[in-house]
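Enquirer: quick one: sequence plus predicted model below, questions after.
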Amino acid sequence: MMAPKIPGIGLAKGLWLTLKTLFQRPPTINYPREKETPVPRARGVIALDIEACTVCMLCARECPDWCIYIEGHKEMQPPSKPGGRPRSRATLDRFDIDYALCMYCGICVEVCPFDALFWSPEYEYSEGSISSMLHDKERLAEWLKTVPAPPALEAK
Amino acid sequence: MIDNRLAAIHASDVSVSVELETPEMTLNLGPQHPSTHGVLRLVAKVDGEMITSVEPVIGYMHRGYEKLAEVRTYPQITALVNRIDWVSGFANEIPFMVAVERLMGIEAPPRAQYIRLILTEMARISSHLVFLSSYPLELGAATPLMHALRERERVLDLIEGVTGGRFHPNFNRIGGVKPAAGGGSGQKKVLQDLPAGFLADTRKAMDEVDDVCDDMVNLVLGNEIFVKRTRGVGIIPKDRGMEFGVSGPNLRASGVKFDLRKSDAYLPYANFEFDIPTGANGDCLDRYWVRMEEIRQATRIVRQAIDGLPGGDLQAKVPRIIKVPAGEVYVRAENPKGEMGYHVVSEGGRGPYRLKIRSASFSNISVLPWLLVGQLVPDIIAVLGSLDFVLGDVDR
């Protein structure tokens, strides 16, 4: 490989690079004051659309570390037209995601057949205690307004 | 063999007078030491400054992935396997996916294979950039870290833009890459193809990566102190390296021209033109140089793949519930750290009966007890760092 010919040339070249970089803008971001905008596909937090969920339990079953807890019950709805049969509808009682266990794989979002789960790139929800990492369905529904539109695709 | 070398070492210093002889001392390194890339413990017996024996103690980071995989379905295991070697998460998924696809007798469409290849090479670049920057840091130079990690972040941002994850992409699916964000109904079935601007940004990033390699030549390879610390230190001879199962850049630094990308067709590498850089001496300096050249080759592959990116589907036809026919297969791939292989044994169910993971770092550090004997104590760090292992890859 390369053997330095002139003694000290390696040091001089290194210092020259340092000097060049000295006048460039730093690529780092001063985090708490400035914020980075994550990419739209970033897997930050899972948002829940309570109305769309039908308590089918697919997400809880497919989760690799079983961190989704779902409970629900059937509710009778009045018939859609007079004289009709009353409909039963599944209603969500509990939908918790334990973010202390979640490994952000996104399988739940993928398997959901009714578009009830979405990825949001929000990341600022760290907590002081591990039990507060359990987000209930109201908190998950709040994330829904942070879900961005999907990015445009590269032309084929 | 070790005894022979020890005998030679002891025979060589017959001139040392009895008063100067030091009593044998046990030196403990780790498990929490920055140069061990995780939690590796080394128990070294030293005679003065000379190491007479080394015993690596591993297992501090054993997470039991082989056992976890037995109680999970194939799509769930995808999320596990990219956590094995977290510095190059995407590259870990490939051999497992190819193994399952071979068992099922399907093949990913060309566009999916090209996307896999591009992201694998980008994972290789980011993994090697970590090595290029952290190895001088372990030898006492802090500046290269800042330069290389800046470009690594650029590459990771691009990976995140496509897959949604910087470290754990989880983007491969059996039969292709992630085709859509959601399941059944049409409204959320958004294609997860490459986002707009990815190809142009990647081209630019590859130029920047090549530039930072040139900077590294000036900063590190041209630095007299670095060369003095690494040249002739920790030499792995060709045959010895092969006996210990060393693979990847560590073996190529010893002069063995062996690269699974050329010999095993797990991704369409045959369509691209690239060289296999090999070192001459197998010392720490060669291992550094080989990885730097591999980055340049990887940028070459990525540029060619972007130019020749075919259109078409992202996913082959696979059933909704994936059941793999009974049988077994072993697929190995050239990971940034070396040869990574998965031996999948299926009994026809939704999950594997047994999954054996052959990880590169485990075999690479098995050479340590032989390699470190006869070295000086300060060279432990130089040798450890140059092997570029990750403890998650060692312990699984």
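Expert: Arrived safely. The shown structure was predicted, so the numbers you read here are calculated from the model rather than taken from an experiment.
Enquirer: if I look at the closest residue to chain A within the stretch 251-396 of chain B, how far off is B:Thr163?
Expert: Using CB to the nearest CB, the single residue of the stretch 251-396 of chain B nearest to chain A is B:Gly311, 4.1 Å away. To be clear about C-beta, it is placed using only N, CA and C from the backbone, and glycine gets the same treatment. Distance of B:Gly311 to B:Thr163, computed by CB to CB, to the nearest Å: 20 Å.
Enquirer: which one of the two is surrounded by more residues?
Expert: B:Thr163 (26 against 10; other CB atoms under 10 Å in any protein chain shown).
Enquirer: residues contacting the biggest strand by length in chain A, please?
Expert: Taking DSSP state E as the criterion, chain A has its longest strand at strand A:87-98. Residues outside strand A:87-98 that contact it (CB atoms under 8 Å, 6 or more residues apart in numbering or on different chains): A:46, A:48, A:50, A:53-56, A:67-77, A:79-80, A:133-137, A:140.
Enquirer: which of those fall within helices?
Expert: A:Lys137, A:Leu140 (DSSP state H).
Enquirer: among the contacts of strand A:87-98, name the buried ones.
Expert: A:46, A:48, A:53-56, A:67-68, A:70, A:72, A:133-135, A:137, A:140 (16 or more other CB atoms under 10 Å in any protein chain shown).
Enquirer: quick one, phi/psi of the closest residue to B:Leu285 other than its chain neighbours?
Expert: Leaving aside its chain neighbours, B:Leu285 sits nearest to B:Thr230 (4.2 Å; criterion: CB to CB, 6 or more residues apart in numbering or on different chains). Recorded main-chain torsions at B:Thr230 are phi -110, psi -30, according to degrees, to the nearest 10.
Enquirer: can you read off the pLDDT for B:Thr230?
Expert: We have a pLDDT of 86 for B:Thr230.
Enquirer: repeat that for A:Asp98.
Expert: 90.
Enquirer: middle-most residue in chain B, spatially?
Expert: Centroid check for chain B by CA atoms, centre = their mean gives B:Lys337 as the closest residue, at 2.3 Å.
Enquirer: low-confidence stretches in chain A?
Expert: Counting by pLDDT under 70, chain A shows low-confidence ranges at A:1-5, A:156.
Enquirer: swap that for chain B, please
Expert: For chain B (pLDDT under 70), the answer is B:1-21, B:34-36, B:180-190.
Enquirer: what's the burial count for A:Thr28?
Expert: Applying other CB under 10 Å, I find that A:Thr28 has 11 neighbouring residues.
Enquirer: and if you look at B:Leu267?
Expert: B:Leu267 - counted by other CB under 10 Å - has 22 other residues nearby.
Enquirer: next up, the contacts around the nearest residue to it once chain neighbours are set aside.
Expert: Distances taken as CB to CB, 6+ apart place B:Leu117 nearest to B:Leu267, at 4.8 Å, with adjacent residues excluded. Applying CB under 8 Å, 6+ apart, we find B:Leu117 in contact with B:Leu267, B:Pro268, B:Tyr269, B:Ile301, B:Ala305.
Enquirer: next step: those residues restricted to strands.
Expert: Using DSSP E, none of the contacts of B:Leu117 sit in strands.
Enquirer: burial of residue 115, as a residue count?
Expert: Answering for chain A, as no chain was given. 19.
Enquirer: not quite, I wanted chain B
Expert: Counted with other CB under 10 Å, B:Ile115 comes out at 26.
Enquirer: cool, and the one 4 residues further on?
Expert: B:Leu119 is flanked by 26 other residues according to other CB under 10 Å.
Enquirer: got phi/psi on it?
Expert: phi -70, psi -30.
Enquirer: just checking, B:Asn28 touches B:Leu42?
Expert: Yes - in terms of CB atoms under 8 Å, B:Asn28 counts as a neighbour of B:Leu42; the distance is 7.5 Å.
Enquirer: these two: which has the busier surroundings?
Expert: B:Leu42 (22 against 11).
Enquirer: the buried ones among the contacts of strand A:87-98 in strands, which ones?
Expert: A:Ile46, A:Leu48, A:Ile68, A:Ile70, A:Gly72, A:Leu134, A:His135.
Enquirer: in a markdown table: those residues, plus distance to B:Ala69.
Expert: Below are these laid out as a markdown table (distance: CB to CB, whole Å):
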| residue | distance to B:Ala69 |
| --- | --- |
| A:Ile46 | 24 |
| A:Leu48 | 29 |
| A:Ile68 | 21 |
| A:Ile70 | 25 |
| A:Gly72 | 31 |
| A:Leu134 | 27 |
| A:His135 | 28 |
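Enquirer: what's the most distant pair in the buried ones among the contacts of strand A:87-98?
Expert: A:Thr54 and A:Met133 (26.0 Å; CB to CB).
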